[in-house]
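1. no sequence on this one, just coordinates:
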């Protein structure tokens, strides 16, 4: 039996047996109260015991974190909960020590990162990672119900899909004795794969290949960036959701992005009500209302040029001046979504110089069919594009951006051997969890965060 069963069904005045952990323990001379959880639901339940139990003395000395097996009767609570359990027997499975760092008090998030292997035992992180699990399931549910094929894109790859040179290198070389070629370069031909290999930064390129066979596919897995950044938005290992759809243009892609976002918001609110109430009360007051408003609001669609014009004419004093041909800063995203439109905003048709090589060149020869979805309270949540299906145009763009064809011959072959129109987008899973929970540091929505100078546990 699980604790969640007791909350979901009517077990009043029934005998139950449970195994779980002590979250708090309040002892009196002749009786005591234990806050008990077994991890199967967010809620805990109060256990009541007295000195009629043969091992009363042992029980009264149990500390937070101890694992126990209890038998008892579910009764109406005399306290804040609807029900509690009157213990008839308690067996100690594992005792916890006095120096347990997790105690029934407020801990800072910074401290809990130092013991991230214990932090899911706290209310906040128990809620965060239950939401993470629920949303991961919802992502698969959404795409599977709509006929997408789930593609397991490789983690080891020779392709830098973003072209930014931020890949972690993978090698079996003895780093104290790396073989060199005659001209002094590393001789990757002697390495395990016979070439330079790294950890993937995106599964997009492989997803494109499979979309041209299955029409609708998605990847959902870990990606890696060797970017030395210490901001609250960056991690060296994170998860990405990357759908790819054949015969879909940019307008159709935006329809899919908006539909997915609203599905995930609705699913989270319906399936994690207690967790969302915790976030609403202690993390970001009003987050439930903010998310519900997105459900009832149609996303705005504007071009990058229109966005810059709005920002320039806003009369606002920005730290970074909005400029034609340049990226949009976080403060600009905030203004567009929270003040000007008060809605999610698609910004499309970006200057070609600041976007990736695979994005389709528009007829104006100055912009590409790229789109970012900006949302109130978070900024950029998704980024996508229509892919460049014209071989000659793609090759010219690669030359202009300094992307070598070597190693990407297979990607060009997708255009040579049939290919066709396709579009896709990427959404950082952790960025989505930040948006849904209000917990605003990526280190606090990843179970074991990997960041520069930190790869613990």
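-> Nice, thanks for sending it over. Quick caveat, the model's predicted, so the values are computed rather than measured. Numbering: from 1, shown residues only.
2. can you list the low-confidence ranges for this structure?
-> Applying pLDDT under 70 to the chain flags residues 161-165.
3. let's see 80
-> 79-80, 160-165 (pLDDT under 80).
4. can you give me the helices for it?
-> Using DSSP state H, the helices of the chain run over 3-8, 56-60, 109-114, 123-145, 204-214, 250-271, 273-278, 287-295, 304-312, 330-334, 391-401, 409-416, 429-437.
5. would you turn these into CSV with mean neighbour count and distance to residue 101?
-> Where C-beta positions appear, they are placed from N, C-alpha and C, glycine not excepted. CSV is the format used below for these (neighbours: other Cβ atoms under 10 Å; distance: least, Cβ to Cβ, whole Å):
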stretch, mean neighbour count, distance to residue 101
helix 3-8, 16, 24
helix 56-60, 16, 23
helix 109-114, 14, 8
helix 123-145, 18, 13
helix 204-214, 21, 41
helix 250-271, 18, 30
helix 273-278, 17, 21
helix 287-295, 17, 28
helix 304-312, 18, 47
helix 330-334, 18, 34
helix 391-401, 15, 49
helix 409-416, 14, 49
helix 429-437, 24, 23
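6. relative to residue 233, which of these is closest?
-> Shortest distance between residue 233 and these, using Cβ to Cβ, is found for helix 429-437: 7.5 Å.
7. nearest residue to residue 235 other than its sequence neighbours?
-> In space, and not counting its chain neighbours, residue 235 is closest to residue 442: 4.9 Å by Cβ to Cβ, 6 or more residues apart in numbering.
8. right, and that neighbour touches residue 449 too?
-> Yes: with contact defined as Cβ atoms under 8 Å, residue 442 reaches residue 449; the gap is 7.0 Å.
9. identify the contacts common to the two.
-> Residues touching both residue 442 and residue 449 (Cβ atoms under 8 Å, 6 or more residues apart in numbering): residue 235.
10. now do the most far-flung residue of the chain relative to its centre against residue 192, distance only.
-> No residue in the chain sits farther from the centre than residue 52, which is 49.1 Å out by Cα atoms, centre = their mean. Separation of residue 52 from residue 192 (Cβ to Cβ, to the nearest Å): 67 Å.
11. again with residue 23
-> Using Cβ to Cβ, we find residue 23 at a distance of 48 Å from residue 192.
12. pick out whichever of the two has more residues nearby.
-> The neighbour count for residue 23 versus residue 192, taken as other Cβ atoms under 10 Å, is higher for residue 23 (20 against 12).
13. now do the contacts for that one.
-> Counting by Cβ under 8 Å, 6+ apart, residue 23 touches 35-37, 44, 64, 104, 121.
14. repeat the analysis, applying 6 Å as the threshold.
-> By Cβ atoms under 6 Å, 6 or more residues apart in numbering, the contact set of residue 23 is 35, 37, 44.
15. which of those fall within strands?
-> 35, 37 (DSSP state E).
16. can you list the contacts of residue 23 in CSV and add distance to residue 181 and neighbour count?
-> Converted to CSV, the contacts of residue 23 look like this (distance: Cβ to Cβ, whole Å; neighbours: other Cβ atoms under 10 Å):
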residue, distance to residue 181, neighbour count
35, 65, 17
37, 60, 20
44, 63, 20
